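In: Based on what follows, work out the 3D shape:
(chains A and B)
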Amino acid sequence: MESLVDDPNTSYFETATSRWISDHAPTGILVTDTSLTIRYCNKWVVKQTGKKEDDIVGHRLLSVFPEIEMRGLAHYYRAALKGESHVLSFRLHKYLLQMPVNRGAPLVDQMQQSCRIAPLLDGEIVTGTITIIEDVTERTARERELRSQLGERERLLASELEARRLAEENSRLKDEFLATVSHEIRAPLNAIRGWTLILRGGSVDKETFDHALDTIDRNVVSQSQVIEDLLDISRMVTGQMKLEFRPVDLCESIESALDDLSPAAVTKEIRLIKTISPAASIVSGDGDRIRQILWNLISNAIKFTPAKGTVEVILHGDEDFAEVTVRDNGSGIPPEFQPFVFDRFRQADGGMKRRHGGLGLGLSIVKSLVEMHGGTVSVESGGEGAGTAFSVRIPRLLGRRDDEISEMADSFSNSAQPLKMLNCRIMIVDDDDDSREMLRILLSTRNAEVLAAGSAWEALAHFETFNPDIVISDLGMPEMDGYDLIRQIRTSLSKELSNVPAIALTGYVSADEQKRVKASGFDAHLSKPLDQTILVQTISDLLGGISR
Amino acid sequence: MILTDEQRDALGEFINIAFSRTASSLSQITGQRVLLDVPQVEIYPIEEVASNLDRFLPGDVASIHQPFDGAIAGDAFLILNYEGAVRLTDLLTDGSTAQTKLDESSREVLTEVGNILLNACLGMFGNVLRVRVSFSVPSLHLESLESLMDSLREEHENLQYAIIVYTSFRIKETQVTGYLVLVLSIVSLNRLIEEIERWEQRHEDQIHITG
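Out: Below is the predicted model of the structure:
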């Protein structure tokens, strides 16, 4: 008896191969006849559907798998019977047959499938349909993962690019700023130099002479302001700015600022109006800095208001906050610029063609100072030509009654002092000839008896004979500096002399340096360039504390 | 082969009808409104296809290839430029990620879209022209137009003419341009034209009858 294998007329190997392949295929294979009765399904289908082969083969396709009709996919089979082949992509259809996921595939309950539904042909005649089902659950999970990674990368890239753009913009602003600073510092120096040369030339009439001094003084003041602003910003940035919180009467601060600025207002015929509700005037803060805030805002208002305009300062508030508004009817701030008004390096018209001088740091300093007081600052402007209003809100002193507060305010307030005469002996120690001479002349005009020593040695040599009431010494001197001097005074001299009050003079001084000065034995320190009023006041205060 | 103006018109009309059915089945499947512009039909000898289409399809193209067999036999292609393919896929699957590469799932969607379009067209042979045609499962290729045409010529020496239908789809305000290309032997092309003319005749007769 011949076996099928040896019979050349059978397509045994072909059939055996087909059978083996379908049984072991990693995809589902379903074959129907033209009445859509399932005639064959491979092992994959049995396993994945969880149905028994007997329940599949020999039954109607749409009965065994009702989900096909329910999901509107039955028409593909009708099309196949007409000879059409169809692709059912996973993305558009999700699945054909309901089958659970294989273990290891996350996040979905239903297996995600990609299918082909095609006619079986014998020549031109359709004999049935064949369905191929591929499990793409894992593949799509991987694709999703990849896509989200790519998305993430793109987002990161976009944010990096934005950060870089901002950094470049910042850098450009800083460059612009440096150029402005350079100009603002040099310009006054030029003026000062120029006029001093003129004065040196001799033969100037009184009018020119007065004008020269005026100009020089004005430029020194403006340059000091520029440098103070720079230093303030530097201190703020490095976190070295320290405020002393005390009760501050805003009425007085406003008065003081308006007084300072009234000459500038008068020059432009600008009206300064004050609208104060005194009930809201006491806040907790650093008096000097609050004055600085108000000065900046009012000064800006005057600067940007044309001649004959108005600047109004309004104080009102409630239990919790005091609010000061500085309103002008000047050139206004264009709306595009309003969000940037308090930025550190921005000026609405930066660059070489600026109409208004200055560094543009004022508002940035104001904002930082206000925030250090726990307050907020805001701006409102109708736009070009519509005026501007800056409002500062500062929290009031909490937990105290109003009369207590006002008592405290009185005892701390800086009342203005008239020009003082100093009838005392002052020893000056400074190695810089110009500074020393200037100080000597200044103090002499206040009726002080002055000994000016050019070094610590000289000072010590004359100490006993001169017997000064107060010592003012520069710190930075060669060989023996201010610290050495004060140590000598405090430790080596006789008891009466060693207690003498001493003021240290310094240039820029860090917070640490300030501590060192006080700790070393000095009673006070002042920074250059010297402010006459402050110097005299300090001397007076120190002398007042000693009974002689 | 030169078609007469009438034959050209008839072919054009035939394709138009095929495409309008396509738009609706695409809309149904994807759940989005798909608008197909009025297609323009041209016939070229196969050697000239690449050069004619090159200016519209520079670089790599995505082509869905569906061979068909029967009284009219040949190869049908839907050809899109690569970016168009990506865009189309994204639009159809509501892709919120703007992909620049086609992953496997996207290729599959493209294949299905091509399948739907080509089926609609080829299905007309059976329905309207009453010519028995069967078509296989389509496949997607990503390559240059030139190499596509080359490989085609290598396989079938007797394929000589290509009917090119220039069409564009509009989905959600985005336009994607593609070409439907039917590559036929001269025998099949003749048969196609014959059947179209016969269909036209039937059409006219019907009008006369219904008056």
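
In: Show the backbone phi and psi for the residue most central in space within chain B.
Out: By C-alpha atoms, centre = their mean, chain B has its centre lying nearest to B:Leu180, at 2.7 Å. Dihedral pair for B:Leu180: phi -100, psi 130, per degrees, to the nearest 10.

In: What of A:Ala452?
Out: Per-residue torsions, A:Ala452: phi -100, psi 110 (degrees, to the nearest 10).

In: Is any residue of stretch A:120-130 near chain B?
Out: Yes. For stretch A:120-130 and chain B, the contact criterion (C-beta under 8 Å from any C-beta of the partner chain) is met by A:121, A:124, A:126. For every residue, glycine as well, the C-beta is placed using N, CA and C.

In: Just give me the least confident of the residues you listed.
Out: Least confident entry in these, by pLDDT: A:Glu124, with 77.

In: which parts of chain B sit against chain A?
Out: Residues of chain B lying close to chain A (C-beta under 8 Å from any C-beta) are B:29-30, B:66, B:70, B:92-93, B:97, B:99, B:103-106, B:108-109, B:111-112, B:115, B:119, B:123, B:126, B:132-138.

In: Show me these that map onto helices.
Out: For the residues of chain B next to chain A, the ones inside helices are B:29-30, B:92, B:104-106, B:108-109, B:111-112, B:115, B:119, B:123, B:126, with DSSP state H as the criterion.

In: List only those of those residues flagged as buried.
Out: Among those, those scoring as buried are B:29-30, B:92, B:105-106, B:108-109, B:111-112, B:115, B:119, B:123, B:126 (criterion: 16 or more other C-beta atoms under 10 Å in any protein chain shown).

In: domain ranges for chain A?
Out: According to automatic domain parsing, chain A comprises the domains A:15-135, A:142-237, A:246-412, A:425-544.

In: where in chain A is pLDDT low?
Out: Applying pLDDT under 70 to chain A flags the ranges A:1-10, A:103-108, A:280, A:345-359, A:397-420, A:508-509, A:545-548.

In: Name the single longest helix found in it.
Out: Longest helix in chain A by number of residues (criterion: DSSP H): helix A:137-200.

In: Would you mind listing the buried residues in the helix or strand just after it?
Out: Next helix or strand after helix A:137-200 toward the C-terminus (DSSP states H and E): helix A:206-237. In terms of neighbour count (16+ other C-beta under 10 Å), helix A:206-237 has its buried residues at A:212, A:215-216, A:219, A:222-223, A:225-227, A:229-230, A:232-233, A:235-236.

In: tally of neighbours for A:Ala279?
Out: 13 (other C-beta atoms under 10 Å in any protein chain shown).

In: distance of it from B:Ala76?
Out: 89 Å (C-beta to C-beta, to the nearest Å).

In: what about the strands in chain B?
Out: Remark: strands assigned in chain B by DSSP state E are B:34-36, B:40-45, B:60-70, B:74-81, B:133-135, B:139-144, B:159-171, B:174-185.

In: What is the burial count for B:Glu197?
Out: Applying other C-beta under 10 Å, we find 15 other residues in the vicinity of B:Glu197.

In: Could you find the closest non-adjacent residue to B:Lys101?
Out: Distances taken as C-beta to C-beta, 6 or more residues apart in numbering or on different chains put B:Val86 closest to B:Lys101, at 7.6 Å, once the chain neighbours are dropped.

In: er, A:Leu475 actually
Out: Once flanking residues are discounted, A:Leu475 sits nearest to A:Gly482: 3.5 Å by C-beta to C-beta, 6+ apart.

In: And the one you found, how close does it get to chain B?
Out: Counting by C-beta to the nearest C-beta, to the nearest Å, the separation of A:Gly482 from chain B is 69 Å.

In: ok, how many other residues are close to that residue?
Out: Using other C-beta under 10 Å, A:Gly482 is surrounded by 25 other residues.

In: Quick check: phi and psi at it.
Out: According to degrees, to the nearest 10, A:Gly482 has phi -60, psi -40.

In: and the gap between B:Ser185 and chain A?
Out: To chain A, B:Ser185 is 18 Å away according to C-beta to the nearest C-beta.

In: with the buried ones among the ones in helices among the residues of chain B next to chain A in mind, which one is nearest to B:Arg21?
Out: B:Gly123 (7.9 Å; C-beta to C-beta).

In: which parts of stretch B:177-196 are buried?
Out: Counting neighbours by 16+ other C-beta under 10 Å, one finds that the buried residues in stretch B:177-196 are B:177-185, B:188-189, B:191-193, B:195-196.

In: nope, stretch A:116-130 is what I was after
Out: By neighbour count with 16+ other C-beta under 10 Å, stretch A:116-130 contains the buried residues A:116-121, A:126, A:128-130.

In: among these, which are in helices?
Out: Going by DSSP H, the helices hold none of these.

In: Take those residues and keep only those in strands.
Out: Reading strands off the buried residues of stretch A:116-130 with DSSP E, I get A:116-121, A:126, A:128-130.

In: Return the member of those nearest to A:Gly374.
Out: The closest of these to A:Gly374 turns out to be A:Arg116 (C-beta to C-beta; 71.4 Å).
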